[in-house]
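1. Compute the structure for the input listed below.
(one chain, ligands or ions: 1)
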Amino acid sequence: MVKLYLRPKKEESVLRFHPWIFSGAISHSDGNPEEGDLVAVYDSQKRFLAIGHCQVGSIAVRILTFKEETIDKDFWKKRFEDAYRLRKQLKLINPPVNDTYRLIHGEGDLMPGLIVDVYAGTAVMQAHSPGMHLARIELAEALKEVMGNDIQNIYYKSESTLPFKADLGAENDYLIGGDHVSNIAIEQGVKFHIDWVKGQKTGFFIDQRDNRALLEKYAEGRKVLNMFCYTGGFSCYAMRGNAQLVHSVDSSSKAIKLTNDNVSLNFPEDARHEAFAEDAFKYLEQMGSQYDLIILDPPAFAKHRNVLKNALQGYRKLNAIAFEKIKPGGIIFTFSCSQVVTKENFRLAVFSAAAQSKRKVKILHQLTQPADHPIDIYHPEGEYIKGLVLYVE
Ligand code: SAH
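-> Residues are numbered from 1 along each chain as shown. Predicted coordinates:
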């Protein structure tokens, strides 16, 4: 294994268990590691610090362990066992009530660069680093050994998540199983068709589970607009919560089909629901003021820090229309999933929107991601969902 040596004082963040080493912190190395190789990291006094996967870019090493140990199938198995035990404790592996959960949330599960989402008998594995891509077969074997008959299939989906420049030629395919696949999974008693092959991310946004459950409690008798509905997660929970009507909107006609399929799966022939393929801003501008519960869960408006200002403008504009149009006594569930937008930034954007509309607004809940998307306390960058539930007088 190639040894990397840090510049003086650059070991401090590593000693505080931060899992990334930036390229500027590295002084020299005793070899030329290939992208994705395991490397051992030492401080300027040649004291061991960590082992991780190296890659080209500003994050040069993603740390897997702060101990001198072998990274092999047994190592991965231990990581998977820890994560699996936690999800069991969270009562997420609980069919027929729930078989949809995130098993591995990158840094939050001490596996930087790896995501594993489980949908009934299928685990969808996604690599975000060359190192995890190279380890995929060993990872899949370890995962299957740990989960046994709880999963039959492992689908690998990293075509669009790996650094483009690394040119790893990743293809999406089953690494294990693939012959007997059911694509229906259950989240807290609600059934969903999950399309991990063609859908966004791993096919479903598990990260809104707790927030959907909260929405259900507010839905009774309300006229609900689920903007940016994607697979209709919030729509189904609103239906179960006895909403008077639910309108789902997404600019993607595929998303509208998924939403209609999922609503029908749970509430066949229920005339309370309708879905529209339309641009959010266009729909919001043209709609009347019939809604008294609005969900705004847009895609990440800012993927990089340099577009932060535009993103905040986007959030302000979006929320301002909702404030202007919502019925008195209405509730807004508003979210940002951009990692670079802080809680404070987002709140400020929503505050500006409220001020612009001149409505009286109260914050009822401050929301974040659920426990199967844990945040490593030494890696606060892992917190990405910010949500507010607002009461509009
Ligand atoms: N709320 C969803 C996740 C939303 S993901 C859930 O709980 O699962 C964001 C969605 O916004 C995507 O489905 C995408 O198609 C849609 N979208 C992106 N830009 C849009 C726009 N301008 N108008 C409407 N929908 C848009």
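
2. Excluding sequence neighbours, find me the nearest residue to Leu318.
-> Leu296 (5.9 Å; CB to CB, 6 or more residues apart in numbering). Glycine gets a C-beta too; all of them are placed from N, C-alpha and C.

3. Look at that neighbour and say how many residues are nearby.
-> By other CB atoms under 10 Å, the residues close to Leu296 number 23.

4. what pairs with it across the strands?
-> On the basis of DSSP bridges, Leu296 is bridged to Met227, Thr334.

5. contacting residues around it?
-> Residues counted as contacts of Leu296 (CB atoms under 8 Å, 6 or more residues apart in numbering) are 227-228, 318-319, 322, 332-335.

6. Nearest to Ala355, out of those residues: which one, please.
-> Asn319 (10.8 Å; CB to CB).

7. residues near that closest one, how many?
-> 26.

8. One more: Gln369?
-> The local packing of Gln369 (other CB under 10 Å) involves 24 other residues.

9. Next up, the contacts around it.
-> Residues near Gln369 by CB under 8 Å, 6+ apart: 207, 375, 383-385.

10. Now the buried members of those.
-> 207, 375, 383-385 (16 or more other CB atoms under 10 Å).

11. in this protein, which spans are helices?
-> Ranges of helices in the chain, per DSSP state H, are 12-15, 73-89, 130-134, 136-147, 209-218, 233-240, 253-266, 280-286, 308-325, 343-357.

12. Which pLDDT does the model give Met111?
-> Predicted confidence (pLDDT) for Met111: 98.

13. how far away is it from the ligand?
-> Per CB to the nearest ligand atom, to the nearest Å, Met111 is found 24 Å from the ligand.

14. List the residues that contact that residue.
-> Here Met111 is in contact with 64, 79, 83, 104, 132 (CB under 8 Å, 6+ apart).

15. cool, Tyr101 as well?
-> 87, 90, 92-93, 117-118, 206, 372.

16. Could you find the closest non-adjacent residue to it?
-> In space, Tyr101 is closest to Leu92, 4.0 Å off (CB to CB, 6+ apart).

17. For the protein, which residue occupies the most central location?
-> Asp207 (5.4 Å; CA atoms, centre = their mean).

18. right, and that residue touches His373 too?
-> Yes - counting by CB atoms under 8 Å, Asp207 sits close enough to His373 to count as a contact (5.3 Å).

19. what residues do these two have in common as contacts?
-> 102, 385.

20. Quick check: bridge partners of Gly330?
-> Residues in beta-bridge contact with Gly330 (DSSP bridges): Val392.

21. any idea how far the ligand is from it?
-> Distance from Gly330 to the ligand, by CB to the nearest ligand atom: 19 Å.

22. For Val197, see how far away that residue is.
-> 38 Å (CB to CB, to the nearest Å).

23. quick one, which of these two is more surrounded?
-> Gly330 (22 against 14).

24. ok, Val14 - contacts?
-> 6, 21, 41, 43, 49-50, 63, 66.

25. Okay, it and the ligand: tell me how far apart.
-> 35 Å.

26. Around Ala25, count how many other residues there are.
-> 19.

27. does it really touch Leu4, like I thought?
-> No - in this structure, Ala25 is not within contact of Leu4 by CB under 8 Å, at 9.3 Å.

28. Now for those two: what residues contact both?
-> Contacts common to Ala25 and Leu4, judged by CB under 8 Å, 6+ apart, are Ala60.

29. For the ligand, state which of the buried ones among the contacts of Gln369 is nearest.
-> Distance ranking of the buried ones among the contacts of Gln369 against the ligand, using CB to the nearest ligand atom, places Asp207 first at 8.2 Å.

30. residue in the stretch 51-200 of the chain nearest to the ligand?
-> For the stretch 51-200 of the chain, CB to the nearest ligand atom, closest residue to the ligand: Gln200, 6.4 Å.

31. Give me the pLDDT value at the spatially closest residue to Asn32 that is not a sequence neighbour.
-> Here the nearest residue to Asn32 in space, its sequence neighbours aside, is Val2; by CB to CB, 6+ apart that works out to 7.3 Å. Model confidence at Val2, given as pLDDT, is 98.

32. how much space is there between the residue of the chain positioned farthest from its centre and the ligand?
-> Farthest-out residue of the chain from its mean C-alpha position, per CA atoms, centre = their mean: Gln45, at 38.9 Å. Look at Gln45 and the ligand: by CB to the nearest ligand atom, they are 48 Å apart.

33. re the thing from before, deepest of the helices of the chain, which one?
-> Counting by mean count of other CB atoms under 10 Å, helix 233-240 has the highest mean neighbour count of these, with a mean of 27.

34. Output it as PDB, nothing but the C-alphas.
-> Output of helix 233-240 as PDB, limited to C-alpha atoms (Å, rounded to 0.1, in the frame of the first residue of the first chain):
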ATOM      1  CA  GLY A 233     -44.600   9.600  -1.800                       C
ATOM      2  CA  PHE A 234     -46.200  12.600   0.000                       C
ATOM      3  CA  SER A 235     -49.300  12.200  -2.100                       C
ATOM      4  CA  CYS A 236     -49.900   8.600  -0.900                       C
ATOM      5  CA  TYR A 237     -49.500   9.600   2.800                       C
ATOM      6  CA  ALA A 238     -51.800  12.600   2.300                       C
ATOM      7  CA  MET A 239     -54.400  10.200   0.900                       C
ATOM      8  CA  ARG A 240     -54.000   7.900   3.800                       C
END
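
35. Understood, closing this out.
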